[in-house]
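>>> can you look at this prediction? I've put the sequence above it.
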Amino acid sequence: MKTEVKALVVGGGAVGASIAYHLARAGWDDVMLLERDELTSGSTWHAAGLLPLFNMSYATTHIHKYSVDFYKMLEAETGLNAGFSVVGNLRMAQTQARMDEYMLYASTAETAGVPYEWLTPAQIKERWPLVRTEDLKGAIYHPTDGYINPADVTMAMAKGARQRGVVIERKWQVDGYRWNGQAWEVTCTRTADKGGNLIATEEQVVITAEHVVTATGNHAQRTARLLGLKIPAIPVEHQFIVTEPDPALVEYRKTHGEHPVLRDADAKWYVREERGGWILGPYERNAPARFEYGVPDSFRADLFPLDLERIEEEYMSMIHRIPSSETVGLKDDFNGPICYTPDGNPLVGPAPGLRNMWLAEGFSFGITAAGGTGYYLAQMMVDGEAEIDMASLDPKRYGRWMTTEYAARKNEECYDHVYILHHPDEERPACRPLRTAPAYDRQAARGAQFGQVNGWERPNYFGPLGAHDNFDHDSRSFRRGDWWQYAEAEARAIREGVGLIDATAFAKHRVSGAGATEFLDWFTCNKLPRIGRINLTYALTSAGTTRTEYTIVRQHENVYYLVSAGAWVTYDADYLQKAAEDFMDRTGKLVLVQDVTTQWGVFAIAGPKSRDVLKAVLKDADPDTALSNKRFPWLSAREIELGMCPTMAIRVAYTGELGWELHHPIEMQNYLFDLLENAGAAHGMKLVGARAQNWLRQEKSYRAFGTELGRDATPAEAGLDRFIDLDKNFFGKQAMLDLGIRSKCVTLLIDGPEDADPWGREALYDGNTRVGRLTSGGYSVAFGKSIGMGYVAPDLAAPGTRLKVKMFDQLWDAEVTEDSPYDPTNATIRLNG
Ligand SMILES: Cc1cc2nc3c(=O)[nH]c(=O)nc-3n(C[C@H](O)[C@H](O)[C@H](O)COP(=O)(O)OP(=O)(O)OC[C@H]3O[C@@H](n4cnc5c(N)ncnc54)[C@H](O)[C@@H]3O)c2cc1C
């Protein structure tokens, strides 16, 4: 057996096989795959094999689309037919809200090049008369997807991988990982069948691998323990049942083709044909998590007993939708472990804190996602970056705060939510509140409706006092939900008066040491600020795209305070820490990186009256001038005292109004909150949530990380030239220059529907040609209409260009504005006083 390889893939399910195949196809000629049992013996063998293209996430839509296209050509390469039945996929809607959801999704589909059609209930009935349609609003139909045999497609990928030189070894279990500074030493134990069990033998080898990818399916918890990581991939039970032949279906098929995969999302199931009968796959309530602490040795390619009672509701609704199925009996059933993560996206990418260790875990639609995951992960490993931004799948989107209990309960919730309406303003309730800043209770008492960011509770908006428990849930809509009026009033308060925003969830890092200045100068693309000043700057990927946005405060010669997006603490920390280690190895100079996120609370006070509120509580020999432009200029930072609270105040406002961020010791947060609230009362200060802030920043064309800013565009394409210092050398610079300007970030004012704003997923059109997409959307109080930001070809980026935004399947007028349409000269931010 080979004991030295470039890349070792652990796990021979659909995902592992695809990764091995794509690594070889991307040019790595020394790849090995290890499987503890037989290929496909994990979840892959009992999957139903559906390949739904529908997905609300941009990256996942790309991944699924790649898989569907790839599986269609695999037979030509390998000679193996994986049984891909391209029967199409009909997603039905019982309500207008569901149609709204499909129309929002359709924009994402268009931008990823996924074809779809709209069907009326009458058209559905005409084509598939066995389907009851009188209570339907319509459906979205994907003609290009269908279902495949999961085991066969895995075998085809494995054959393709072998043809490209991959070595596949079965009956070898990975039992230990050790990084020797250059490579992984992977301890593997030979397994054997004994009395129906899979047992470990005495035989062991150590394989040295430069890179390791784990794709261990339901065994992710064991993998996590071996690596000393936390991986929130825990399976949940998932069942599907197979009926006896349905005579009506058998009769219909004598003269017609196969039904598409039918999905009645409001009834929470999918149905497809199977040998004259039907397969029903429900996503029912109360499906339990399994194997929280690992898969027992006794569980091999096994199943759980069917729990028919749990799926009774969905079963009855299938009979309602396909009345002929009422009389047919059950032929077979499957209840297997299906891996989930708290947000339903798999965990794909570099493992936190480890070198050359890649995770591909937590797949709930793993047959659909396998092809694309292999393709894009191989790009990341071989080229450094994938062509799409894989951040939404990054394993580091969960921090060390994540526990087994959290993952298990969240994963159960995620399963239960597969077919709920996926409102963009959705907030899921399980495991909350968990991470709360001290002022949480005070904010809750004032009507805060919270969202969860990286586990933190953060006010989205302040609703009516004494609102019932379901107020936020009932407010959600694909149009302007009931929460909209509160966000609108909050945004107005900041433009006209003063508002206070809780920004405690921000990621905060302290970077210090003799090498700190040299390191940050190389790591980020803008000039470093002088002591007491701040700058906005970007860390780039090796491909020249945006990895992280930082507000960087220089506190001393070699001490910096870095603030970045709250959702991405571990993601940012890992990149920063690894880059600092590399720098120290190269230069021998010390760089100390500390994550101080939970030590500092942050309130952002903003609005023309914000200075007046602060003056009332500021302790200074001359409070009247302490916040003036002279003593506290825009883009500077000062240690100030607000009452008894020592505060690092930073004169910036993400809302684009006069304002300060008040970074304070977290244990004094309630004191500071009360102080500011009392002082603010005299000026009509309003508590403001994240939704209003998101609208306001678009009026200033402030890009947000995760929307405008990501690993698929360079800072130059994002239009951030003024924050890029081309006179210095920085990481990713040449790659950024080499990429040029492929598309450009623009701000648009939109004459949209009266009852809706864009969400930031909508397709952009020039006439009838699709030319780009929105990445953010919302409402502008300054202009009294919808606003959005997005990317278009450079020749369409000039202010005044007339475009269209697709919302609810209609094209609405939009105009590209100059950057920062509200207060383009920053006069209000620089207001003196
Ligand atoms: C009832 C049911 C129906 C489903 N239907 C669909 C569907 O229609 N469409 C769809 O896309 N998805 C479906 N799924 C989900 C799908 O089955 C999974 O997402 C997919 O199989 C995951 O593939 P994988 O390669 O990640 O994991 P697995 O198939 O579980 O493979 C992991 C492999 O890793 C091996 N392994 C683990 N640890 C080690 C180790 N230490 N050393 C060596 N080997 C190791 C295991 O033995 C296993 O073979 C369904 C799931 C269920 C339960």
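Looks like it arrived, so ask away.
>>> not counting sequence-adjacent ones, nearest residue to the residue in the stretch 151-300 of the chain positioned nearest to the ligand?
Taking Cβ to the nearest ligand atom as the measure, the stretch 151-300 of the chain has Gly217 as its residue closest to the ligand, at 2.3 Å. C-betas here are computed from N, CA, C, even on glycine. Using Cβ to Cβ, 6 or more residues apart in numbering and skipping residues adjacent in sequence, the residue nearest Gly217 is Gly42, 4.0 Å away.
>>> re earlier: torsion angles phi and psi at the residue of the stretch 151-300 of the chain closest to the ligand?
phi 50, psi -120 (degrees, to the nearest 10).
>>> do the one 10 residues further on as well
Dihedral angles phi and psi of Leu227 (degrees, to the nearest 10) take the values phi -100, psi -10.
>>> and Asn55, by the same measure?
phi -160, psi 140.
>>> same check, this time on Trp695
phi -70, psi -50.
>>> and the residue nearest to it when sequence neighbours are not counted, what element?
Spatially, and ignoring its direct neighbours in sequence, Trp695 is nearest to Gly778 (3.9 Å; Cβ to Cβ, 6+ apart). In the assignment (DSSP states H and E), Gly778 maps to strand 769-780.
>>> pick out the residue in the stretch 401-550 of the chain sitting closest to the ligand.
For the stretch 401-550 of the chain and the ligand, the shortest gap (Cβ to the nearest ligand atom) falls at Tyr415, measuring 10.6 Å.
>>> for that residue, give me its contacts.
Val236, His238, Tyr283, Ala287, Ile338, Tyr340, Ser364 (Cβ atoms under 8 Å, 6 or more residues apart in numbering).
>>> which strands or helices does the helix or strand containing Tyr375 pack on?
Taking DSSP H and E as the criterion, Tyr375 maps to helix 366-383. Counting contacts by 3 or more Cβ pairs under 8 Å, 6 or more residues apart in numbering; DSSP states H and E, helix 366-383 packs against helix 14-25, helix 58-78, helix 150-163, strand 197-214, strand 347-350, strand 357-361.
>>> can I get these in a markdown table including mean neighbour count?
Listed next are the helices and strands packed on helix 366-383 as a markdown table, based on neighbours: other Cβ atoms under 10 Å:
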| stretch | mean neighbour count |
| --- | --- |
| helix 14-25 | 30 |
| helix 58-78 | 20 |
| helix 150-163 | 23 |
| strand 197-214 | 17 |
| strand 347-350 | 24 |
| strand 357-361 | 26 |
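>>> show me where the stretch 451-600 of the chain has its strands.
In the stretch 451-600 of the chain, the strands defined using DSSP state E, counting those that start in this stretch lie at 456-462, 499-502, 507-512, 534-540, 546-556, 559-564, 592-595, 600-606.
>>> now the residue nearest to Trp695, which residues is it bridged with?
Beta-bridge partners recorded for Gly778 (DSSP bridges): Ile787.
>>> wait, isn't it in contact with Gly752?
No - in this structure Gly778 lies outside contact range of Gly752 using Cβ atoms under 8 Å: 10.7 Å.
>>> name the residues contacting each of these two.
Pro758, Ser786.
>>> surely the residue nearest to Gly217 and Val10 touch.
No - using Cβ under 8 Å as the test, Gly42 is too far from Val10 to be in contact (11.6 Å).
>>> which one of those two has more residues nearby?
Remark: of Gly42 and Val10, Gly42 carries more neighbours, 32 against 27, as counted by other Cβ atoms under 10 Å.
>>> tell me the contacts of the more buried one?
By Cβ under 8 Å, 6+ apart, the neighbours of Gly42 are Gly11, Gly12, Gly13, Thr216, Gly217, Asn218, His219, Ala301.
>>> farthest pair within these?
Thr216 and Ala301 (14.9 Å; Cβ to Cβ).
>>> and the two? Which one has more around it.
Of the pair Thr216 and Ala301, Thr216 is the one with more neighbours under other Cβ under 10 Å, namely 30 against 15.
>>> I'd guessed the more buried one sits against Thr223; true?
Yes - under the criterion of Cβ under 8 Å, Thr216 makes contact with Thr223 at 4.7 Å.
>>> quick check: neighbours shared by the two?
Taking Cβ under 8 Å, 6+ apart as the contact rule, Thr216 and Thr223 both touch Val10, Glu361.
>>> for the stretch 301-450 of the chain, which residue gets nearest to the ligand?
For the stretch 301-450 of the chain, Cβ to the nearest ligand atom, closest residue to the ligand: Gly366, 2.4 Å.
>>> so that residue makes contact with Ala14?
Yes - if you go by Cβ under 8 Å, Gly366 and Ala14 touch, sitting 5.5 Å apart.
>>> intersection of neighbour lists for these two?
Thr44, Ala47.
>>> low-confidence regions, the chain specifically.
Within the chain, no stretch has pLDDT under 70.
>>> rerun at 80
For the chain, the stretches flagged by pLDDT under 80 are 56.
>>> need the helices for the stretch 251-400 of the chain, in chain order.
312-321, 366-383 (DSSP state H, counting those that start in this stretch).
>>> list the neighbours of the shortest one that are in contact with it.
What that stands for is helix 312-321. Outside helix 312-321, the residues touching it (Cβ under 8 Å, 6+ apart) are 92, 131-132, 241, 262, 264, 267-269, 271, 278, 280, 282-284, 308, 325-326.
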